[in-house]
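K.L.:
Here is my input; please provide its structure:
(2 chains)
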Amino acid sequence: MSARTLFEKVWSAHEVVPETPEAPAVLYVDLHLVHEVTSPQAFSVLRERALPVRRPDRTLATMDHSTPTQSDQVFGRAPIRVDAAAQQVRQLERNAAEFGVELFALTDERRGIVHVIGPELGVTQPGATIVCGDSHTSTHGAFGALAFGIGSTEVGHVLATQCLLQRKPKTLAVEVEGALRPGVTAKDLILAIIGRLGVSGGTGHVIEYRGSTIRALSMDERMTVCNMSIEAGARAGMIAPDETTFAYLADRPRAPRGAARDEALARWRALGSDAGARFDARLDLDAAALEPMITYGTNPGMVVPITGAVPGADGDAVHRKALEYMGFHPGEAMIGKPVDVVFIGSCTNGRLEDLEAAARILKGRRVAKGVQLLIVPGSQRVKQQAEASGIADVLRAAGADWRESGCSMCLGMNGDTVARGAYAVSTSNRNFEGRQGVGARTLLASPLTAAAAAVTGRIADPREMI
Amino acid sequence: MQAFTRLRSRTAVIDSTNVDTDQIIPARFLTTTTKEGLGRQLFADWRYLPDGSPNPSFVLNDPRYRDVQILVAGRNFGCGSSREHAPWALVDFGIRAVISTEIADIFRSNALKNGLLPVVVDEAHARWLIEHPGAEVEIDLMTRTLSLPDGERVEFAIEPFARHCLLHGVDELGFLLSQRAAIERYEAARPW
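P.N.:
Got it, this is the predicted structure:
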């Protein structure tokens, strides 16, 4: 057999019916993750057509997007402030009960952002196909899974048939070599990649992140990289599983154990792209040349090294409009720009290593006067771990507002929003207009850069503070 | 799903690249549990001023474009979130086709499932359309052509199965359900 890529191996192992010129492939889904915002309409379709969930055992539901992060609202001591969100939460409880789907409800200690809990439970596994009604499902590709976001109609398809109709995408190899310098993180790496590819450079492709830099990343870091594949237009990003992956999965509650693990390991070890496997496109990047990165505009591709300046518009009306929205002018240095809000969390940077990174800067320091620092762990388990290890104490002592887990200020559905015109340095994934609140101005950066901004009240180079 | 065969309409133009789904419908409106009525919130932050009144400079508030069914936009329309609320809002407003040089993957997939036709054309024709808002054009899905006011016919590509579903107003779920035997065989044959 000819040399195959990681993607091709996972794809072909899940073809129930291969594609033809007339029809897309019927692709089998190993794991379907469900949350409260994009599933209600899908369950309604099942109800209308009197269909059951075909494989409840391959379906897992949680609540994250619109859920409150304040403890009293989470644990029922106060009503959920956003009424429509409360209704979505209740609707998912009803749907899960009626269709027999396992649900990590609001007070469950296993609850969290859907892309954080899948890996930490060990249900995210190499070689699997994983879908969810959320574009950041690409996160799970860090384990060598083929994982991508789908719409609500497709959520219904998977609930009813455990399958999707899909055309086979192309492949894009992103080859990264060299060691990241101190203070330069996985977030900076993926922002630099998006800066190079542009926000539609990956459209129609599945990315495989490769090279010595990627191999050296931890699982938390790999998830940060794969998470933002969609910001380059790619529905999925993958990394070949290796010893780092297998070690991460070793003691996870739902990962295979004993003989099942040995059998799985044999399968997982064969997944990596074969030598000589061909990709449709390729991008090379030198990791050693990278600096901490920060966005200055209204999409994640509008990004510069933190020591850089706001680029000129060159007659580009869209660029000019973005700068107008941000209140920035060409030539201005990024360092020193004032900051009102700092948000550390999200499926991009809400895992334990991200909080540890923030704590490195915040330890023994205080949040600058007038700056709000909101830290929202990616899951209840991350929260509990940070509290047990003392990290949470460091963050709180610095003046952080420490919350229950959820998507929170990444998209502001739950009322955690940034005020009109205010500047937020955010570890999340999207700096679109209004993403964090109507008129909010978002600058995407790493947890180190975010923490440095919280302490100084300005955009600051985190390398000078670690 | 409403069938799509032929559509004749004037166009409204949003001359902006990378129009993301957070612009098409902001996240705070995703707390609904149905698909209906989202047209009111279509492009909410561009369409309405902070006091809630219509923004007179936004194209869809211009009486000349209120009834258009075709939207023309810059490259990479529909990027970002997978929210199907974006096509739901467009269709609820009355839009049945979006023309651009590039349409983001998940949005395109969602649009096709809701009778909203994504039409990808080359840079030159897109430029012409952007520079001529209100042009009356016709989209024929049967022949996969976009006809411009001067009679020029521009062919566009569309995935054949999605085209079949659109032409007949049928959804994919019926086809997937008909694959039951194959799905059962697949599940039985898998060693893990």
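
K.L.:
Residue 168: what's it in contact with?
P.N.:
I'll assume chain A. Counting by Cβ atoms under 8 Å, 6 or more residues apart in numbering or on different chains, A:Lys168 touches A:Trp11, A:Glu19, A:Ala25. In short, each C-beta sits where N, CA and C put it, glycine included.

K.L.:
Correction: the question concerned chain B.
P.N.:
Counting by Cβ under 8 Å, 6+ apart, B:His168 has contacts B:Ala3.

K.L.:
rewinding a little: just curious, which of the contacts of A:Lys168 is nearest to B:Val72?
P.N.:
A:Glu19 (30.8 Å; Cβ to Cβ).

K.L.:
Run a quick neighbour tally on the closest one.
P.N.:
As a burial measure, A:Glu19 scores 16 neighbours (other Cβ atoms under 10 Å in any protein chain shown).

K.L.:
Report how many residues lie close to residue 110.
P.N.:
Just going to use chain A. 16.

K.L.:
not quite, I wanted chain B
P.N.:
Residue neighbour count, defined by other Cβ under 10 Å, stands at 26 for B:Asn110.

K.L.:
again with A:Gln91
P.N.:
Count around A:Gln91 with other Cβ under 10 Å applied: 16.

K.L.:
Can you name the residues in contact with stretch A:373-380?
P.N.:
Contact partners of stretch A:373-380, identified using Cβ under 8 Å, 6+ apart, comprise A:69, A:108-113, A:115-117, A:120, A:341-347, A:350-351, A:354-355, A:358, A:367, A:383, A:386, A:395, A:398-406, A:408-409, A:416, A:454.

K.L.:
With secondary structure and pLDDT as added columns, please give the contacts of A:Lys168 in CSV.
P.N.:
Compiled in CSV, these are given as follows (DSSP: H, G, I helix; E, B strand; the rest coil; pLDDT from 0 to 100):
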residue, secondary structure, pLDDT
A:Trp11, helix, 98
A:Glu19, coil, 97
A:Ala25, strand, 98
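
K.L.:
tell me which of those residues is nearest to A:Ser200?
P.N.:
Using Cβ to Cβ, A:Trp11 comes nearest to A:Ser200 of the contacts of A:Lys168, at 22.3 Å.

K.L.:
I figured B:Ile70 hits B:Gly94, correct?
P.N.:
No - between B:Ile70 and B:Gly94 there is no contact under Cβ atoms under 8 Å: 10.1 Å.

K.L.:
quick one, which of these two is more surrounded?
P.N.:
Taking other Cβ under 10 Å, B:Ile70 and B:Gly94 do not tie; B:Ile70 has more neighbours (25 against 14).

K.L.:
show me what contacts the more buried one?
P.N.:
Contacts of B:Ile70 (Cβ under 8 Å, 6+ apart): B:Leu7, B:Ser9, B:Arg10, B:Thr11, B:Ala12, B:Ile95, B:Arg96, B:Ala97, B:Val98, B:Ile99, B:Val137, B:Ile139.

K.L.:
Now do the SS call for the fifth one.
P.N.:
Looking back up the chat, that one is B:Ala12. The assignment at B:Ala12 comes out as strand when based on DSSP: H, G, I helix; E, B strand; the rest coil.

K.L.:
Repeat that for the first one.
P.N.:
Under the three-state scheme (three-state DSSP), the conformation of B:Leu7 reads as strand.

K.L.:
any idea how far A:Leu92 is from it?
P.N.:
Noted for B:Leu7: a distance of 37 Å to A:Leu92, by Cβ to Cβ, to the nearest Å.

K.L.:
Looking at the two, which is more packed in?
P.N.:
Taking neighbours as other Cβ under 10 Å, B:Leu7 and A:Leu92 compare with A:Leu92 leading, 26 against 17.

K.L.:
Could you tell me whether that one really is in a helix?
P.N.:
Yes - A:Leu92 sits within a helix when classified using three-state DSSP.

K.L.:
How about the contacts made by it?
P.N.:
A:Leu92 makes contact with A:Val34, A:His35, A:Glu36, A:Ser39, A:Pro40, A:Ala61, A:Met63, A:Leu103, according to Cβ under 8 Å, 6+ apart.

K.L.:
what's the spacing between the last one and chain B?
P.N.:
Which is A:Leu103. Using Cβ to the nearest Cβ, to the nearest Å, one gets 16 Å for the distance from A:Leu103 to chain B.

K.L.:
how about the helices in chain B?
P.N.:
B:21-24, B:44-47, B:85-93, B:105-112, B:123-131, B:160-168, B:172-177, B:180-189 (DSSP state H).

K.L.:
show me where the stretch 151-300 of chain A has strands.
P.N.:
With strands called from DSSP state E, counting those that start in this stretch, the stretch 151-300 of chain A shows them at A:163-166, A:170-177, A:205-210, A:236-238, A:281-286, A:293-295.

K.L.:
residues in the stretch 101-250 of chain A within reach of chain B, list them.
P.N.:
Proximity of the stretch 101-250 of chain A to chain B (Cβ under 8 Å from any Cβ of the partner chain) is limited to residues A:133-135, A:149-154, A:156-157, A:160-165, A:167, A:169, A:199-200, A:203-204, A:230, A:233, A:235.
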